[in-house]
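Enquirer: would you be able to build a 3D model of this:
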Amino acid sequence: MDGTRWLALASCVWGLLSISAAASEIRIVALRGQSAPSAPDGIVFEHFGSHPGIGGSLFAPPNIDNVGRVSFHAFVGEGDPNTIEPNALGIWKEDATGLVAVARSGDPAPDTAAGITFVGFPSGLSTVFPTGSDGGVVIAGGLRGPGVDEVFGTNNEGFWTDRSGMLRRILREGDAVPGMGAVWRSARSLRPAIDEQGTIRAFMNIELTHSQEVVPAVFVGDTADTLALFVIAGASAPDTEPGVVFGESGLFTDVDALAVMATDPRVGGLALIGNLAGPGVNEFNNQGIWIQEGAELRRLVREGDPVPGFPGARFGNNNGILPFTETFSLLMRDGAVVFSSRMANGDLGPFMRGIWTNRGGALELIVKGTLPLQDSAPGDRPPGMAENFTFAGFLGGEFNRQHRVVFRGLASEDLNPLDLTEGIWWDVPGQLELVIHEGLPVPDADPGVAFVGRSDFLRLTDGGRLFFSHMIQGPGIGPGNNFGYFLAEPSGTIRQLLRTGQEIDVGGDGSDVRVLATFGVGFGVSDADEVVLELFFTDGSTALAVLAAPTDGLLGDVNCDGQVSVGDINPFVLLLTDPVAYASQFPDCEPENGDCSGDGAVTVGDINCFVALIADG
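Expert: Next up, the predicted model:
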């Protein structure tokens, strides 16, 4: 290999991309009818999630954490799913030994008085799914027993975690708030968040002892005993005029002074959307977003602020409704946030929406779109669609640790509100690109089979791979096989991972094969590119399962580290020049990973397509 060719390869290493060439794997976690760990003999899993009459796993889905451990809520009993027996509720999780119980109704509640037990998580009619990281979980628990107020609910719920190896209480309603004349009341964010360093961030209502006023507040600490007030309703809002505080103001804002909190599950930190009250505050400037910097909050953006790059335009709209909470959740990863905003006036017209981030330090507009109404100014043209299309709305998305964004969007043709196309777009390749929109053909399917309707269950990995579900239609497609789960690679390659109507080897050895009727997707995605599903089979049975994206056979990944990167250049050159030495140095790698041309051999003829694979990213 001469130096010129070497330099040609080295100059194209940036933007390397992965293309999957291996099948996904399904690992069964738990089955309906399976014996429930830590339960008496004869007690089996009957339902996963919340009560099936009020949402099932839709309202309390399973969760997978960064290390691939699954946790979930379930109903157990003697095998009749139409009855609910005493002590039927519980939380289970995976650990190094397998599936274990975290807590069941009827169990003593740790760090409470003798005789107090869990009644549910927090109840049979209201289930909060567990969350966690590094194998630990945080659960919400409801209580009964001596001194528990089950009538007015002043002390009958709390939060526990097993991150220390034992289940310990974080806080309980009615307990004194450390360092304040107040007691805990209901949770604002369903559960406290605990990052990988073990720091707790609790978004709670507290009741002030001197006035009995209930106000929202955020607390931060390393343990339950060290939780300290970080921000509270009525406190001065940073980077605003004197006298302006977090408070309830305006007719059409969120009800509470502190409306939404986002936390970073890895490196810690928080961001929040807050409402304002005080001098000069009105319905057109009474909401903003603040982000944690060290021990303080810094204002990122406020309703009424000028929109960067658009003279005369401002954040918010002309009716003061939901300037930052309409379409896209506030998300935080590795110190940066992404959020949606309404915008109005100037060249943007009255109905513009946008998705923004501060990943580069300053505010950056990722994409803008407009409601397709009279007097609307066009939004951005959706990549991958004709010139007469414009973004008409955004339906939520994901944000990863590389600060890349994926979102579901609506595209309008000629600003016609009756002609909307749904799709998925992302900036994982470095610029905004189309992943898929309804009407496009399904890869590797029969001719005429196309995506139709809405997409859902977006899960973006930190490596830039996207899981998503979609309906399909076309020849040979009917109600029994028209719903699939797909994986998009950073290259844009899309492959089907799962589809209704396919057979699933539940037993793992061919002894128990069932046909998939439909599926739901839980929360989280692991560092190994895994998601957790609930599988519903045609025989009426269900299972919780982990679906792993392909990890081998990545075209161009010749050092077999699961990605294509600058680390593959030397192994690629070695494979070309000395295959024997390559096989010795990389015994677990398939040489076919370097066969970019697909002609069955790795030769100098693969150099150009290897470079093209890189350059096309």
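Enquirer: quick one, phi/psi of Leu533?
Expert: In terms of degrees, to the nearest 10, the main-chain angles of Leu533 are phi -120, psi 160.
Enquirer: do I have it right that it meets Val521?
Expert: Yes - if you go by C-beta atoms under 8 Å, Leu533 and Val521 touch, sitting 5.6 Å apart. Using the backbone N, CA and C atoms, a C-beta is placed for each residue, glycine as well.
Enquirer: and for these two, which residues touch both?
Expert: Counting by C-beta atoms under 8 Å, 6 or more residues apart in numbering, the common neighbours of Leu533 and Val521 are Tyr485.
Enquirer: of these two, who's got more company?
Expert: For Leu533 versus Val521, neighbours defined as other C-beta atoms under 10 Å are more numerous around Leu533 (27 against 22).
Enquirer: and stretch 210-225, how far apart are its ends?
Expert: Using C-alpha to C-alpha, to the nearest Å, one end of stretch 210-225 lies 22 Å from the other.
Enquirer: again, but for stretch 443-453
Expert: End-to-end span of stretch 443-453 (C-alpha to C-alpha): 17 Å.
Enquirer: just stretch 312-326 next, same as before
Expert: End to end - C-alpha to C-alpha - stretch 312-326 spans 22 Å.
Enquirer: which residues touch it?
Expert: Outside stretch 312-326, the residues touching it (C-beta under 8 Å, 6+ apart) are 250-254, 259-260, 273, 282-289, 301-307, 330, 339-348, 350-353.
Enquirer: where's that stretch relative to the chain centroid, distance-wise?
Expert: Per C-alpha atoms, centre = their mean, to the nearest Å, the displacement of stretch 312-326 from the mean C-alpha position of its chain is 25 Å.
Enquirer: buried ones in that stretch?
Expert: Buried residues in stretch 312-326, defined by neighbour count with 16 or more other C-beta atoms under 10 Å: 313-317, 320, 322-325.
Enquirer: and those as CSV, adding distance to Ala277 and secondary structure?
Expert: What follows is the buried residues of stretch 312-326, written out as CSV (distance: C-beta to C-beta, whole Å; DSSP: H, G, I helix; E, B strand; the rest coil):
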residue, distance to Ala277, secondary structure
Ala313, 25, coil
Arg314, 20, strand
Phe315, 19, strand
Gly316, 16, coil
Asn317, 20, coil
Gly320, 14, coil
Leu322, 18, coil
Pro323, 16, coil
Phe324, 17, coil
Thr325, 18, coil
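Enquirer: coming back round to it: any chance of a ChimeraX selection covering the buried ones in the contacts of stretch 312-326?
Expert: Those of the contacts of stretch 312-326 that count as buried under 16+ other C-beta under 10 Å are selected in ChimeraX with:
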select :250,253,254,259,260,273,283,284,285,286,287,288,289,301,302,303,304,305,307,330,339,340,341,342,343,344,345,348,350,351,352,353
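Enquirer: thinking again about what came up before, of the buried residues of stretch 312-326, closest to Asp512?
Expert: Nearest to Asp512 among the buried residues of stretch 312-326, counting by C-beta to C-beta, is Thr325 at 45.9 Å.
Enquirer: that older thread, need the worst-confidence member of the buried residues of stretch 312-326.
Expert: Least confident of the buried residues of stretch 312-326 in the model: Thr325, at 77.
Enquirer: now that one: how far from Glu85?
Expert: Thr325 sits 41 Å away from Glu85, taking C-beta to C-beta, to the nearest Å as the criterion.
Enquirer: ok, now Gly349?
Expert: Applying C-beta to C-beta, the value for Gly349 to Glu85 is 59 Å.
Enquirer: and if you look at Ala488?
Expert: Taking C-beta to C-beta, one finds Ala488 at 44 Å from Glu85.
Enquirer: tell me the helix or strand right after the helix or strand encompassing Ile291.
Expert: In this assignment (DSSP states H and E), Ile291 forms part of strand 287-293. Downstream of strand 287-293, the first helix or strand assigned by DSSP H and E is strand 296-302.
Enquirer: keeping just the C-alphas, turn that following strand into CSV.
Expert: Extracted C-alpha coordinates of strand 296-302, given in CSV (Å, rounded to 0.1, in the frame of the first residue of the first chain):
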residue,chain,number,x,y,z
GLU,A,296,-26.9,27.9,40.3
LEU,A,297,-29.5,28.3,37.6
ARG,A,298,-28.9,30.3,34.4
ARG,A,299,-31.6,31.6,32.1
LEU,A,300,-31.4,30.0,28.7
VAL,A,301,-34.4,31.7,27.0
ARG,A,302,-37.5,33.5,28.0
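Enquirer: let's have the chain start at 33 instead
Expert: I'll keep to 33 as the first residue from here, and by that count the last item is strand 328-334.
Enquirer: just checking, what packs against that strand?
Expert: Packing contacts for strand 328-334, counted by 3 or more C-beta pairs under 8 Å, 6 or more residues apart in numbering; DSSP states H and E, involve strand 302-309, strand 319-325.
Enquirer: nearest to Thr241, out of these?
Expert: strand 302-309 (23.0 Å).
Enquirer: quick one: low-confidence ranges for the chain?
Expert: Along the chain, segments meeting pLDDT under 70 span 33-56, 85-90, 113, 220-222, 281-290, 583-586, 593-598, 628-632, 640-649.
Enquirer: list the contacts of Asn95.
Expert: Shown in contact with Asn95 (C-beta under 8 Å, 6+ apart): 102-104, 161-164, 169, 554-556, 564.
Enquirer: no wait, Pro340
Expert: So Pro340 contacts 394-395, 397 (C-beta under 8 Å, 6+ apart).
Enquirer: cool, and Val557?
Expert: Val557 touches 96, 491-493, 499, 563, counting by C-beta under 8 Å, 6+ apart.
Enquirer: and those, which two are the farthest apart?
Expert: Ile96 and Leu492, at 14.0 Å, using C-beta to C-beta across the contacts of Val557.
Enquirer: do a quick rundown of the helices in the stretch 283-432 of the chain.
Expert: Assigned by DSSP state H, counting those that start in this stretch, the stretch 283-432 of the chain shows no helices.
Enquirer: all the strands of it, residue numbers only.
Expert: Using DSSP state E, counting those that start in this stretch, the strands of the stretch 283-432 of the chain run over 290-295, 302-309, 319-325, 328-334, 346-347, 363-365, 368-376, 384-389, 396-402, 421-431.
Enquirer: picking up where we left off before, strand partners (parallel or antiparallel) of the strand holding Ile323?
Expert: Each strand paired with strand 319-325, and its direction, by DSSP bridges: strand 302-309 (antiparallel), strand 328-334 (antiparallel).
Enquirer: in JSON lines, list those strands along with distance to Ala424.
Expert: Shown next, in JSON lines, are the strands paired with strand 319-325 (distance: least, C-beta to C-beta, whole Å):
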{"stretch": "strand 302-309", "distance to Ala424": "24"}
{"stretch": "strand 328-334", "distance to Ala424": "23"}
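Enquirer: just these: most buried one?
Expert: Per-stretch averages of neighbours, counted by mean count of other C-beta atoms under 10 Å, single out strand 302-309 among the strands paired with strand 319-325, with a mean of 24.
Enquirer: only alpha carbons, please: show it as PDB.
Expert: Extracted C-alpha coordinates of strand 302-309, given in PDB (Å, rounded to 0.1, in the frame of the first residue of the first chain):
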ATOM      1  CA  LEU A 302     -31.100  19.700  35.600                       C
ATOM      2  CA  ALA A 303     -33.100  22.200  33.400                       C
ATOM      3  CA  LEU A 304     -36.600  23.500  34.100                       C
ATOM      4  CA  ILE A 305     -39.400  25.400  32.500                       C
ATOM      5  CA  GLY A 306     -40.700  28.000  35.000                       C
ATOM      6  CA  ASN A 307     -43.500  30.500  35.000                       C
ATOM      7  CA  LEU A 308     -42.900  34.100  36.300                       C
ATOM      8  CA  ALA A 309     -44.700  36.700  38.300                       C
END
